[in-house]
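Trainee: Next input, structure requested:
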Amino acid sequence: MTEDAPLPPSAGGVPPPFRPIGELFRPGREGERVRLRGWIHRGRSSGGILFWQVRDGSGLVQVTARRDALGGEAFDRAEHAQVESSVEVEGTLAADRRAPGGLEVKAHALTVVGASDAFPLFADQTEEFRLDHRHLTVRSREMVATLKVKSELLQGAREFLEGEGYWEMTPPLLSGNAAEGGSEAFTLDYFGQPAYLAQTAQLYLEALLFPRERVYSITTSFRAEKSRTPRHLCEYTHLEAEVAWAGMEENLRLQEQLVTHMVHRVARKREEDVRFLGRDPQELLRLVPPFERLRYEDAVRQLKERGFGISFGADLGTAEERALTQERSQPLFVTHYPRAIKAFYMREDPEDPRTVLAADLLAPEGYGELIGGSCREVDLPRLLRRMEEMNIPREPYEWYLDLRRYGSVPHAGFGLGVERLVRWITRREHIRETTPFPRTPSRLTP
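Mentor: From the prediction side, this is the model:
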């Protein structure tokens with residue numbers, strides 16, 4: 001820590017308050033005396049002039065300082081400050097078309113608050129090295145912009161759902177039963193009895209919808225899948241909702257309206273971040289429901305025509321989903337999947353018992369599944385038969401079966417993988433770039 005002399009008083013003897021960097025770019029502030037705090041993003045000096053780019057949580061601004069304005073000793077201290085040192089700056093705002101945003105701060109006082117060692121991250125390092133130093137790479141402009149988009153999406157989800165009368169719930173992350181199969185659930189010892197990390201909040205949300213009718217949650221879900229693909233995480237943010245008195249079409253309309261609202265909010269409120277990450281916000285604003293519905297059997301037929309060796313009953317993998325959506329600019333619902341490849345709680349299609357009233361929402365441009373949803377089976381005998389077919393033990397689910405015994409109603413729901421939506425919007429190559437500290441089969445640290 002460097003202990004510099006306090007900043008000199010501004011005109012009138014009172015220093016201006018510290019302001020977020022983003023506020024400096026409001027019109028009409030040129031010539032104003034300002035103070036800011038942040039971190040050195042880049043720095044260099046030339047011919048007695050110091051150039052810094054300083055960032056904070058709201059933005060980035062160029063700072064320039066002359067030796068004759070700072071004084072030799074203060075200039076030398078500032079000149080030796082490393083990238084990522086935290087600093088305080090006082091100066092005057094001035095227009096400069098060469099600077100980021102067309103504005104710079106001409107400094108007359110600089111203070112290094114927290115000196116940084118030589119920063120270990122730079123271009124052309126391996127991905128594994130950067131993942132090992134994720135606690136530092138989260139400072140990158142790409143990661144900051146991506147996480148701002150993610151935050152805005154979550155705000156948009158809450159805004160839409162609460163506007164539609166949904167209540168946010170807080171279901172548990174520890175459970176005595178695996179909702180979607182033990183092989184994909186993380187198990188642990190819970191005071192001498194087996195427990196599971198939540199794969200989904202769905203079963204608990206189904207219980208909670210009876211007194212409230214419309215419920216949702218945003219929680220962490222865990223999947224013990226050893227999938228090493230650009231779209232799989234072992235720990236991810238799961239937005240889930242359940243609604244009473246709803247059928248298949250109501251469920252799909254809810255999903256497409258929700259996604260559209262979230263995406264439009266990001267395009268409007270995070271325009272600069274979206275553009276910086278490589279997507280034109282206008283592309284997102286062109287997202288308009290309804291999204292096309294394609295039955296699973298028709299998807300299989302299309303894939304066969306394109307040379308895929310797939311038949312009815314096979315699940316759609318990454319390659320198949322990419323083929324169906326690579327040339328699309330709007331999401332696509334694939335509906336009516338085979339009953340044999342879906343979860344026990346999905347309602348059988350009364351018009352085609354081979355299938356269930358379920359749908360996956362696939363992102364455009366080949367980014368894959370965003371949402372999985374279905375009508376829930378409410379007929380207790382059918383539900384029990386399905387569990388027996390899948391060798392699911394009954395006892396751990398007796399509480400769930402009670403929901404069918406005591407006043408059940410038709411209902412439906414879905415789960416949205418937030419990181420997958422972020423990946424499509426921001427065009428990230430790998431889903432691990434959509435979360436601060438990714439958990440994959442090969443990574444548990446930092």
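
Trainee: Dig out what the nearest residue to Ala99 once chain neighbours are set aside forms beta bridges with.
Mentor: Counting by Cβ to Cβ, 6 or more residues apart in numbering, Gln62 is the residue found nearest to Ala99 once chain neighbours are left out, at 3.9 Å. Glycine gets a C-beta too; all of them are placed from N, C-alpha and C. With DSSP bridges as the criterion, Gln62 is bridged to Gln53, Glu104.

Trainee: packing partners for the longest strand belonging to the chain?
Mentor: Taking DSSP state E as the criterion, the chain has its longest strand at strand 33-46. Applying 3 or more Cβ pairs under 8 Å, 6 or more residues apart in numbering; DSSP states H and E, one finds that strand 33-46 makes contact with strand 49-56, strand 86-95, strand 103-114.

Trainee: go again using 6 Å as the cut-off
Mentor: Packing partners of strand 33-46 (3 or more Cβ pairs under 6 Å, 6 or more residues apart in numbering; DSSP states H and E): strand 49-56, strand 86-95.

Trainee: Which parts of the stretch 151-300 of the chain are helices?
Mentor: Per DSSP state H, counting those that start in this stretch, the stretch 151-300 of the chain carries helices over the ranges 202-212, 248-269, 271-276, 281-285, 296-305.

Trainee: so which of these gets nearest Ala107?
Mentor: helix 271-276 (24.7 Å; Cβ to Cβ).

Trainee: and the closest one, what's its mean pLDDT?
Mentor: Across helix 271-276, the average pLDDT comes to 96.

Trainee: what's next to it, contact-wise?
Mentor: Residues from elsewhere that reach helix 271-276, judged by Cβ atoms under 6 Å, 6 or more residues apart in numbering: Ala145, Lys148, Val149, Pro281.

Trainee: If we go by neighbour counts, what in that helix is buried?
Mentor: Neighbour-count burial for helix 271-276, counted by 16 or more other Cβ atoms under 10 Å, picks out Asp273, Val274, Phe276.

Trainee: could you check the distance from the residue nearest to Phe186 when sequence neighbours are not counted over to Glu206?
Mentor: Closest residue in space to Phe186, ignoring its immediate chain neighbours: Leu197 at 4.2 Å, by Cβ to Cβ, 6+ apart. Separation of Leu197 from Glu206 (Cβ to Cβ, to the nearest Å) stands at 19 Å.

Trainee: among the helices and strands packed on strand 33-46, which is the most enclosed?
Mentor: strand 49-56 (a mean of 20; mean count of other Cβ atoms under 10 Å).

Trainee: which strands and helices sit next to that one?
Mentor: Against strand 49-56 (3+ Cβ pairs under 6 Å, 6+ apart) you get strand 33-46, strand 59-66.

Trainee: Return the distance of it from the chain's centre.
Mentor: Distance, stretch centre to chain centre, for strand 49-56: 30 Å (Cα atoms, centre = their mean, to the nearest Å).

Trainee: any idea how far Gln282 is from Lys263?
Mentor: Wrong residue type there; residue 263 is Val, not Lys. When Val263 is compared with Gln282 (using Cβ to Cβ), they lie 12 Å apart.

Trainee: Those two: who's more crowded?
Mentor: Of the pair Val263 and Gln282, Val263 is the one with more neighbours under other Cβ atoms under 10 Å, namely 24 against 11.

Trainee: circling back: got JSON lines for the helices and strands packed on strand 49-56, with mean neighbour count, mean pLDDT and distance to Ala343 too?
Mentor: Output for the helices and strands packed on strand 49-56, formatted as JSON lines (neighbours: other Cβ atoms under 10 Å; pLDDT from 0 to 100; distance: least, Cβ to Cβ, whole Å):
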{"stretch": "strand 33-46", "mean neighbour count": "17", "mean pLDDT": "96", "distance to Ala343": "47"}
{"stretch": "strand 59-66", "mean neighbour count": "20", "mean pLDDT": "96", "distance to Ala343": "45"}
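
Trainee: would you turn those into a markdown table with distance to Asp352?
Mentor: As requested, the helices and strands packed on strand 49-56 are exported to a markdown table (distance: least, Cβ to Cβ, whole Å):
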| stretch | distance to Asp352 |
| --- | --- |
| strand 33-46 | 58 |
| strand 59-66 | 55 |
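
Trainee: All set now, cheers.
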